[in-house]
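Engineer: Fold the following, please.
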Amino acid sequence: MIRKLIIYIFAFVLLTYGLRWFINEGLRRNAKGVYEKYTRLFLEKNTFNTLILGSSRAEMHMDVSLLDSLTGLHSFNAGVSGGTTRMAYVVMKSYLHNSEVPKTIFLECDFHISHLKTDTIFNFPRYFPYLSNPVLYKGFEAIDPRFRQFRYNPLYSLPYSGIHAVSPALHGWTGTSGSYDDAYQNGFFRNTQTDHYDHFNTSAYYGYIHPETRHYLDSIIDFCKASRCRLIFTMSPAYEDAQKEVINRERIIAQYRNIADAHHIPFFNYSADSSICRNRAFFEDNYHMLYPGARLFTRKIAGDFNNIPR
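Structural biologist: As a prediction, the model looks like this:
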C-alpha cells in the first residue's frame with residue numbers, strides 16, 4: 001500500500017513537471033506575439049543597436065520598423081506591460097545577458113505613474129518560461145519572492161499560468177498564431193482594436209517621482225554612461241482630458257527635464273502635443289494610443305533623433 005502511494009505521488013509529481021515543461025516550451029516556441037518577443041529578449045543573442053524601454057506606452061507607441069526606416073537604426077521594442085523604471089532596468093540587464101550593448105536606448109518616462117512603488121510585476125506568469133535567464137530570475141525574485149517557487153515548483157506556478165497559457169502553448173507546438181500575435185513586430189505592439197467601453201474617465205490626484213523610480217532611473221543613466229550608450233528620454237502623448245488628471249503634471253515633467261539636462265540627455269516630450277492629444281481617434285484610453293497616433297508620434301521622435309548633433 002505504501003509502495004503504491006509512493007509510486008502514485010512520484011507519477012503525479014513527474015506529470016506536473018512534464019506539464020509545466022510542455023506549456024513553457026510551447027510558449028517559447030511561439031513564432032509571433034508576446035512570447036516570441038520575450039524569447040528574443042531573454043533567451044536569444046541579438047545585435048540590435050537600439051532598444052526601446054518602458055511600459056506598455058513604449059510598447060504601443062514606438063513603431064520600431066517606422067523608426068528604423070526614418071533614422072537608419074536597427075531597433076527592438078522592449079517595452080513591457082506595467083513597466084516601471086525598475087522593470088525597465090531588469091529587462092535591460094536581462095537582455096544584455098545574451099546580447100550586445102545597444103548604442104542607443106529610448107526610455108519612456110511615465111509622469112502619471114512615477115509615484116507608484118516598483119514592487120509589482122504585471123502579467124507575471126508570462127515570464128515563467130524565461131526564468132533560466134539568471135539576470136531575469138534574480139531581478140524578479142528581488143521584486144517578488146514568490147518567483148523562487150515559480151521557478152522550481154510546478155505545483156505552485158501552474159495554477160497561476162492557468163488555462164490562458166494553454167492556447168498560446170499549443171500555438172507554439174503547432175506553429176500557428178492568432179490575430180493578437182500578428183500585431184507584434186520586433187517587440188512593437190500594433191494597437192488597432194477598440195471595444196465599446198469608455199476608457200476615458202479621469203480622477204484628479206497629485207503625483208511625484210517616487211524614490212524607487214528615481215533610483216532605477218539613475219541606475220539606467222549610470223549604466224548608459226559607463227557603457228557609452230546614448231540615452232534618450234521620451235514622453236508619449238496623453239489624451240487632452242488626462243492633462244488635468246495629474247494636478248501637478250507640469251512640475252513632474254519639469255523634474256524629468258531637470259534630470260535630463262543635468263546628465264545631458266535629450267528629452268523628447270510630446271505628452272501635450274496638440275496635433276495628437278486633441279484627437280480622440282488616436283487613443284484607446286487616456287494614456288494608450290492606437291496605431292495611427294503611434295505612427296505620428298514615432299515620426300516626430302525620428303525627426304528629433306535625426307536632428308541630434310552627432
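
Engineer: Residue 238 in helix, strand or coil?
Structural biologist: coil (DSSP: H, G, I helix; E, B strand; the rest coil).

Engineer: I figured it hits residue 273, correct?
Structural biologist: No: the criterion here is CB atoms under 8 Å, and residue 238 misses it with residue 273 at 9.6 Å. For the C-beta atoms, the positions are set from N, CA and C on the backbone; glycine is no exception.

Engineer: For the stretch 51-200 of the chain, which segments count as strands?
Structural biologist: All strands of the stretch 51-200 of the chain, identified by DSSP state E, counting those that start in this stretch, fall at 75-77, 104-108, 184-185, 188-189.

Engineer: who wins for proximity to residue 161 among those?
Structural biologist: Between residue 161 and the strands of the stretch 51-200 of the chain, the tightest spacing by CB to CB is seen for strand 184-185, at 20.1 Å.

Engineer: Show me what that closest one is in contact with.
Structural biologist: Residues outside strand 184-185 that contact it (CB atoms under 8 Å, 6 or more residues apart in numbering): 32-34, 36-37, 64-65, 190.

Engineer: Let me have those in CSV, adding distance to residue 132, pLDDT and neighbour count as columns.
Structural biologist: What follows is the contacts of strand 184-185, written out as CSV (distance: CB to CB, whole Å; pLDDT from 0 to 100; neighbours: other CB atoms under 10 Å):
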residue, distance to residue 132, pLDDT, neighbour count
32, 22, 95, 19
33, 20, 96, 22
34, 18, 97, 21
36, 17, 97, 21
37, 17, 98, 25
64, 26, 98, 23
65, 29, 98, 14
190, 29, 96, 16
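
Engineer: Mind putting these into CSV with distance to residue 303?
Structural biologist: Converted to CSV, the contacts of strand 184-185 look like this (distance: CB to CB, whole Å):
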residue, distance to residue 303
32, 30
33, 30
34, 29
36, 30
37, 27
64, 16
65, 16
190, 21
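
Engineer: Looking at the strands of the stretch 51-200 of the chain, which is nearest to residue 144?
Structural biologist: Closest approach to residue 144 among those is made by strand 104-108 (22.5 Å; CB to CB).

Engineer: who does the closest one pair up with?
Structural biologist: Applying DSSP bridges to the sheet, strand 104-108 is found paired with strand 50-53 (parallel), strand 230-235 (parallel).

Engineer: just those: most buried one?
Structural biologist: Most buried of these by mean neighbour count (mean count of other CB atoms under 10 Å) is strand 50-53; its value is a mean of 27.

Engineer: was I right about residue 188 contacting residue 65?
Structural biologist: Yes: counting by CB under 8 Å, residue 65 is a contact partner of residue 188 at 7.1 Å.

Engineer: when you check the contacts of strand 184-185 against the helices, which ones overlap?
Structural biologist: Those of these mapping onto helices are 33-34, 36-37, 64-65, per DSSP state H.
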